[in-house]
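K.L.:
How does the following fold in three dimensions:
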Amino acid sequence: MTPGPRNLITDVPGLLVGNAQDAALKSGVTILTGDQPLRTSVHVMGGAPGTRETDLLAADKTVDRVDAIVLSGGSAFGLDACSGVMDALHAQGRGFQVGSAVVPIVPGAILFDLLNGGDKAWGENPYRALGRAAFDAAAETFDLGSAGAGTGALTAMCKGGLGSASAVLPGGVTVGALVAANPLGSVTTPGDQHFWAAPFEIGAEFGGLGPDAASGLGDPVPSRKARAMGHPPPDKANTTIAIVATDAALTKPQCQRMAVAAHDGIARAILPAHTPGDGDLVFGVSTGRIPSAEADLALLGHAAALCLARAIARAVYHAKPAPDDLLPCWSDLQNTP
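P.N.:
Predicted coordinates for the structure are as follows:
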């Protein structure tokens, strides 16, 4: 499999992504939408998720498609970004028809970035406006790193961020991943140079440095993030929230199965992953453009996991420094003796 032309989730035809962020807030919102409603499910493996409308995505629930998905900073405050996206969709007349009423369906998930050095002394919750701005910015190309929902993200050792990657399978099906990486664990091996996801890198999409040749790398390393946030550090101030998508036609249960498999990508790119203090969550999305047989599902899940691992590394690789950051960027650490 090879990356699509952009190496972004928007290589899946029909998908758009929009970012909005506030530099002083050190937070932001990322939305995914499409030119048609998207069949969607979800799978949660972290112990501290923050979500909206995810119960609706279970296989036994009646609503089969959504109009947009929101990834946001701001912890529970960030869930209001979904309302801003609903406002924009409602203005366009898009949503689930119930008699004469039209109700946009907008699931969302949040990460915790309230202690990252940004100004959180707002008088009015800013996330509704950020959600609307992210929807208005939706396009086939978008920024990675310190953008959108990844603006204020932090990993254990350096800044996190927003990442994306794609893969085109031999039969022509495209799979892509979008992630806001703010985990309790590290994305880099001890020494801050190599990425845990390096074995799955394609080309030099996150530096091309290859895997770490050292052994015994699983031993815990003291977290810069925990130290920067105070003593004792908050135990639920982390999460990795993601979307994996394909143009293969999947049922709702198959979308969930793809999301389940994609969690392996989090485990390959972050150490440790799926902890009690993370809210790790993956949405699975199908645009349904290419007929897909049941036998393809294993390959789709594998590709989704690989794309998600690569996207997490790319999120950290593209992070940029900003005033009052709690942690350095990966790029800054490469210049440190």
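K.L.:
Break down the stretch 151-300 of the chain into its helices, ranges please.
P.N.:
Per DSSP state H, counting those that start in this stretch, the stretch 151-300 of the chain carries helices over the ranges 224-229, 252-269, 297-317.
K.L.:
Can you give me the buried ones in the last one?
P.N.:
Buried residues in helix 297-317, counted by 16 or more other Cβ atoms under 10 Å: 297, 299-317. Placement of C-beta: from N, CA and C, glycine included.
K.L.:
Between the two ends of stretch 229-249, how far is it?
P.N.:
Start and end residues of stretch 229-249 are separated by 44 Å (Cα to Cα, to the nearest Å).
K.L.:
How much space separates the residue nearest the centre of the chain from Ile241?
P.N.:
By Cα atoms, centre = their mean, the chain has its centre lying nearest to Val179, at 1.8 Å. To Ile241, Val179 is 7 Å away according to Cβ to Cβ, to the nearest Å.
K.L.:
Quick check: the gap between the nearest residue to Gly150 once chain neighbours are set aside and Gly230.
P.N.:
By the measure of Cβ to Cβ, 6 or more residues apart in numbering, the closest residue to Gly150 outside its immediate chain neighbours is Leu162, 3.1 Å from it. Computed as Cβ to Cβ, the Leu162 to Gly230 distance reads 26 Å.
K.L.:
between those two, who's got more neighbours?
P.N.:
Between Leu162 and Gly230, counted using other Cβ atoms under 10 Å, Leu162 has the larger neighbour count: 30 against 9.
K.L.:
for the more buried one, what are its contacts?
P.N.:
Counting by Cβ atoms under 8 Å, 6 or more residues apart in numbering, Leu162 touches 19, 30, 143-151, 153, 178-181, 315, 318.
K.L.:
One more: Leu154?
P.N.:
Contacts of Leu154 by Cβ under 8 Å, 6+ apart are 113, 116, 160, 182, 225, 228, 326-327.
K.L.:
Now restrict those residues to buried residues only.
P.N.:
Buried subset of the contacts of Leu154 (neighbour count, 16+ other Cβ under 10 Å): 113, 116, 160, 182, 225, 326-327.
K.L.:
Nearest to Leu281, out of those: which one, please.
P.N.:
Asn182 (11.8 Å; Cβ to Cβ).
K.L.:
just the strands in the protein please.
P.N.:
In the chain, the strands defined using DSSP state E lie at 15-22, 27-44, 51-52, 65-72, 96-98, 101-103, 108-110, 161-168, 174-182, 239-248, 281-290.
K.L.:
hmm, back to that, if I look at the residue nearest to the centre of the chain, how far off is Val244?
P.N.:
Val179 is 9 Å from Val244, where distance means Cβ to Cβ.
K.L.:
joint contacts of those two?
P.N.:
With Cβ under 8 Å, 6+ apart, Val179 and Val244 have common neighbours Leu308.
K.L.:
Pull the number of nearby residues for the residue lying closest to Leu250 once chain neighbours are set aside.
P.N.:
Distance criterion Cβ to Cβ, 6+ apart; nearest residue to Leu250, sequence neighbours excluded, is Ser286 at 3.9 Å. The number of residues packed near Ser286 is 26, by other Cβ under 10 Å.
K.L.:
still on that earlier bit, could you point out which of the helices of the stretch 151-300 of the chain sits nearest Phe96?
P.N.:
helix 252-269 (14.6 Å).
K.L.:
Now do that closest one, average pLDDT.
P.N.:
In this model, helix 252-269 has an average pLDDT of 97.
K.L.:
So which elements touch that helix?
P.N.:
Here helix 252-269 touches strand 27-44, strand 239-248, strand 281-290, helix 297-317, going by 3 or more Cβ pairs under 8 Å, 6 or more residues apart in numbering; DSSP states H and E.
K.L.:
can you list the ones you listed in TSV and add distance to Trp196 and mean pLDDT?
P.N.:
Below are the helices and strands packed on helix 252-269 laid out as TSV (distance: least, Cβ to Cβ, whole Å; pLDDT from 0 to 100):
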stretch	distance to Trp196	mean pLDDT
strand 27-44	21	97
strand 239-248	13	97
strand 281-290	17	96
helix 297-317	8	97
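K.L.:
Put together a markdown table for these, with distance to Val168 on each row.
P.N.:
Below are the helices and strands packed on helix 252-269 laid out as a markdown table (distance: least, Cβ to Cβ, whole Å):
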| stretch | distance to Val168 |
| --- | --- |
| strand 27-44 | 18 |
| strand 239-248 | 10 |
| strand 281-290 | 11 |
| helix 297-317 | 9 |
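K.L.:
I'd like to know which of those lies nearest to Arg257.
P.N.:
Arg257 sits nearest to helix 297-317 of all these, at 6.1 Å, using Cβ to Cβ.
K.L.:
which helices and strands does the closest one pack with?
P.N.:
strand 161-168, strand 174-182, strand 239-248, helix 252-269, helix 330-333.
K.L.:
Any figure for the gap between the closest residue to Arg132 other than its chain neighbours and Asn125?
P.N.:
Leaving aside its sequence neighbours, Arg132 sits nearest to Gly84 (Cβ to Cβ, 6+ apart; 3.7 Å). Distance from Gly84 to Asn125, counting by Cβ to Cβ: 10 Å.
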